[in-house]
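**Q** Here is a sequence together with a model predicted from it:
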Amino acid sequence: MTTLRWLRRAGLTGLAVALMAGGLAAPAHADERTLDTDGVKVDAVGFDFGDGSYQSNEMSQTGPVEWLVDENDLTPHLTGILHLAGVNNECARMRIDYYTSATTFLTTRYGGTVCAPDNGYNAWSVNLRPYTSNKIGKVKVSIEVQLPDGTYDIVGSDWSTLHTFIDTTVKVADSDGSGVWGIGFGSSGWSNGSPIGYGQIVWNLDGGQIRPHLSGNLHMESAAGDCVRMRIDYYSDDGPDAGTASDYITTVYGGTVCALDNSHHEWTVDRDDYSGTDIRHVRVSIEEQVTATTWTIIDSTYSYFGS
């Protein structure tokens, strides 16, 4: 007796069949973050993949592809519903082809095979994350149908592409923390001693190298004679010991700027000085010059590679 027939006789259908046939997704790593969430849908006669409900001979929603990252390792996580309708005794499985961002083929992974017991509407949950690499930039998600000779043929496909993660909430300002009134980093807008909006960090990922790119505006007002600079500390962890010496990588500094008087002064910040394979988060700070050779941090904020 086949596994599928045993499950049906035992009263286990739908989700149980999918989990046993296709395999449970591996437990998420404690340090994984989400870089991007995309959706795919495959619509072929009798065979559909997506999410939601089955309407007008197709799934009503796309099936999510969550792009997870741990340091520079990427894991596309596919979930959704594989639907077989009007295809009695036909068998199918999910297929994921992995590519670089330049569409160079890497490898292929498969879900478990499921079979339609009748010509009705039959659905199985899909939960697949079988491959991790620092080179993945695209995946092609397909439904394969099993042929009489036991081989498989693709009946439909859709693509998911990883988009660059951008943190648009980077601000160092008295209004957001314990900083100094009149000295801040954020957007070009300025009001009441603090930037109105945020700067950003574009978390570029290319060839396994992570390069955070900070941009925005540094402001000074009512700070005649004061000199400041931007400081970026790079860390390799965001767990319980985040920000400690054990996960510290390096520090880079922006150029020094000084206020000649108490009026409002503004400078553009554009820094992407450092890249690495294990950067997990950065601390963005403003430092004020105390003596010719010493500086003190007056306020900071954090940005993480993924949400």
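**A** Perfect, thanks for sending it.

**Q** what number of residues lie near residue 104?
**A** As a burial measure, residue 104 scores 11 neighbours (other CB atoms under 10 Å). Where C-beta positions appear, they are placed from N, C-alpha and C, glycine not excepted.

**Q** likewise the one 5 residues further on?
**A** For residue 109, the count of nearby residues is 16 (other CB under 10 Å).

**Q** Give me the nearest residue to the residue lying farthest from the centre of the chain, chain neighbours excluded.
**A** With CA atoms, centre = their mean as the measure, the chain has its most outlying C-alpha, relative to the mean C-alpha position, at residue 261: 43.9 Å. When the adjacent residues along the chain are set aside, residue 261 lies closest to residue 224, with 5.0 Å between them (CB to CB, 6 or more residues apart in numbering).

**Q** And the helices in the chain?
**A** Counting by DSSP state H, the chain forms helices over residues 3-9, 15-22, given from the N-terminal end onward.

**Q** Confidence-wise, which of the ones you listed is weakest overall?
**A** Comparing mean pLDDT across the helices of the chain, the lowest value falls on helix 3-9: a mean of 30.

**Q** just to revisit the earlier point, quick one: residues contacting the residue nearest to residue 261.
**A** When contacts are counted by CB atoms under 8 Å, 6 or more residues apart in numbering, residue 224 is found next to 259, 260, 261, 262.

**Q** and the gap between it and residue 168?
**A** 32 Å (CB to CB, to the nearest Å).

**Q** and the one residue sitting closest to the centre of the chain, what does it touch?
**A** When CA atoms, centre = their mean is applied to the chain, the residue found nearest the centroid is residue 35 (0.9 Å). Shown in contact with residue 35 (CB under 8 Å, 6+ apart): 67, 68, 69, 74, 162, 163, 165, 203, 205, 305, 306.

**Q** go again using 6 Å as the cut-off
**A** Listed by CB atoms under 6 Å, 6 or more residues apart in numbering, the contact partners of residue 35 are 67, 69, 165, 306.

**Q** Please compute how far stretch 95-115 lies from its chain's middle.
**A** Average the C-alpha atoms of stretch 95-115, do the same for its chain, and the two points are 19 Å apart (CA atoms, centre = their mean, to the nearest Å).

**Q** And it, end to end?
**A** End-to-end distance for stretch 95-115, by CA to CA, to the nearest Å: 15 Å.

**Q** Now that stretch: buried residues?
**A** 95, 96, 97, 98, 99, 109, 110, 111, 112, 113, 114, 115 (16 or more other CB atoms under 10 Å).

**Q** farthest-separated two in the residues you listed?
**A** With distances taken as CB to CB, the most widely separated pair in the buried residues of stretch 95-115 is 99 and 115, at 29.5 Å.
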